[in-house]
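[1] Take a look and give me a structure for this.
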Amino acid sequence: MDEKKIEEELKKVWDETPVSHSDNEKEISWEQFQAKAFASEKKKSKAWFYYAAAAAVLIFVGTRIYFNSNPAEKAIQFASNVIENRTSKVKTIFLPDSSKVELSPNSKIAYANNFEINRKIDMEGEAYFKVKKDKKHPFQVFCNETTTTVLGTSFTVLGQDGKGVVVQLFEGSVQMSVKDQDKKWILKPGDKFTYANSIVSVVEFNRFTDFENEKLMVVSAYIEAHYGYKVIIPQEYYNQRITVRINKKEDLKTIVELISEMYNLNFEINEDLKQITFQ
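    Predicted structure coming up:
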C-alpha cells in the first residue's frame, strides 16, 4: 500500500474514533498526527506501528468498560464479558475456570477475558456461586461496597438497594471486606453476612431442608419447586418414607443419585423436558 493509501486509511480510522470532539479539533489533531507519522521515510514504519496502536486504543474506549472507586476492583476495568439475566428464571452460567453461577432474574455479572488467572467478578443483583478451587488464583466477587474473597466453594451474594449486601455461605469458607474498612470477616458454613447503612452483622442461618419420615412424594414436590424438574416415580413408591437432610443449594444430581441408591431405582434426567424419571 502506497503512502497516500495509508494516509487515507489512517484518517478514516481517526475520524471513526468514538470520542466526542469538534470538527476543528479533529482536523488539528489529525494534522499533528500526520506530521509525526510521516515526518520522514526513515521513521515511517515505526510511526505507523505506534500510532496505529494508539488509534486502536481510542476505538476500544467506545466499548463497555467498568470502573470502580475501590482500588481492589481496578482489575475488572476492561470487563469485556457481561452476562445479564433478563428472564424470569434463574440462569445457569459456567465460567471459563468451570466455576458455576446461578444468576437470578434482573441480575448481571461482568469479568475480564483473562478470567482463569484473574478470577474477579463484578455483579449486580443476586447470584449463587459454586467455585472451583484454585489456591493460586483467588476468586473475588465485588458487589456494591463489599468484596467477597472465596476460600471455599459455595455461597450466595445479594446486592440490595442503598449499597446493602447479604452473603450466605453454604459450603467452605469466604473472607469478607468492606470498602474503607480494615477489618475482615471469615465466614463459616451457615453464616450470613449483612452489610447495610455502613454496619456489618454476621448471624447464623439454616442452610438445610430437613425431611423427617416424609413421604417420597414430598421430596419430589420439593425438587420440582426448587429446581424446576418434574419427578416421576413408580406408583408403588408414592408412600415410601424418607428421612434426609438436604443442603438448600445441593446439586440436583446429588439428590437424585441419593434417592436412586436408597430405593435401588434407576433414573433418567431429560434436560429438554426438565423431567426426572425413576424406574
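[2] Not counting residues beside it along the chain, what's closest to the residue nearest to the spatial centre of the chain?
    Centroid-nearest residue in the chain: Ile109, 4.1 Å away (criterion: CA atoms, centre = their mean). Nearest residue to Ile109, sequence neighbours excluded (CB to CB, 6 or more residues apart in numbering): Met123, at 4.6 Å. In this view, the C-beta of every residue, glycine as well, is placed from N, C-alpha and C.
[3] Test my guess that the one you found contacts Thr156.
    No. Using CB atoms under 8 Å, Met123 is not in contact with Thr156, being 11.1 Å away.
[4] which of the two has more neighbours?
    Taking other CB atoms under 10 Å, Met123 and Thr156 do not tie; Met123 has more neighbours (24 against 19).
[5] Can you tell me the element the more buried one falls in?
    strand 120-124 (DSSP states H and E).
[6] what comes up buried for that strand?
    For strand 120-124, burial by neighbour count (16 or more other CB atoms under 10 Å) applies to Lys120, Ile121, Asp122, Met123.
[7] same thing with stretch 190-197?
    Asp191, Lys192, Phe193, Thr194, Tyr195.
[8] likewise stretch 236-251?
    In terms of neighbour count (16+ other CB under 10 Å), stretch 236-251 has its buried residues at Gln240, Ile242, Ile246, Lys249, Glu250.
[9] Mind telling me what element the third one is part of?
    Looking back up the chat, that one is Ile246. Under the criterion of DSSP H and E, Ile246 resides in strand 241-247.
[10] repeat for the fourth one
    Taking DSSP H and E as the criterion, no element holds Lys249; it sits outside all helices and strands.
[11] and if you look at Asn118?
    Using DSSP H and E, Asn118 falls within no helix or strand.
[12] For Val218, which three-state class applies?
    With DSSP: H, G, I helix; E, B strand; the rest coil as the basis, the three-state label of Val218 is helix.
[13] mind checking how far the residue lying closest to it once chain neighbours are set aside is from Pro234?
    The spatially closest residue to Val218, leaving aside those adjacent along the chain, is Phe211, at 6.5 Å (CB to CB, 6+ apart). Look at Phe211 and Pro234: by CB to CB, to the nearest Å, they are 19 Å apart.
[14] so where is the protein shaky, pLDDT-wise?
    Low-confidence segments of the chain (pLDDT under 70): 1-79, 152.
[15] quick check: domain ranges of it?
    3-60, 71-204, 208-278 (automatic domain parsing).
[16] ends of the last one, how far apart?
    Which is domain 208-278. Terminal residues of domain 208-278 are spaced 24 Å apart (CA to CA, to the nearest Å).
[17] who's in contact with Tyr195?
    With contact taken as CB atoms under 8 Å, 6 or more residues apart in numbering, Tyr195 is in contact with Asn144, Glu145, Thr146, Lys163, Gly164, Val165, Val166, Val178.
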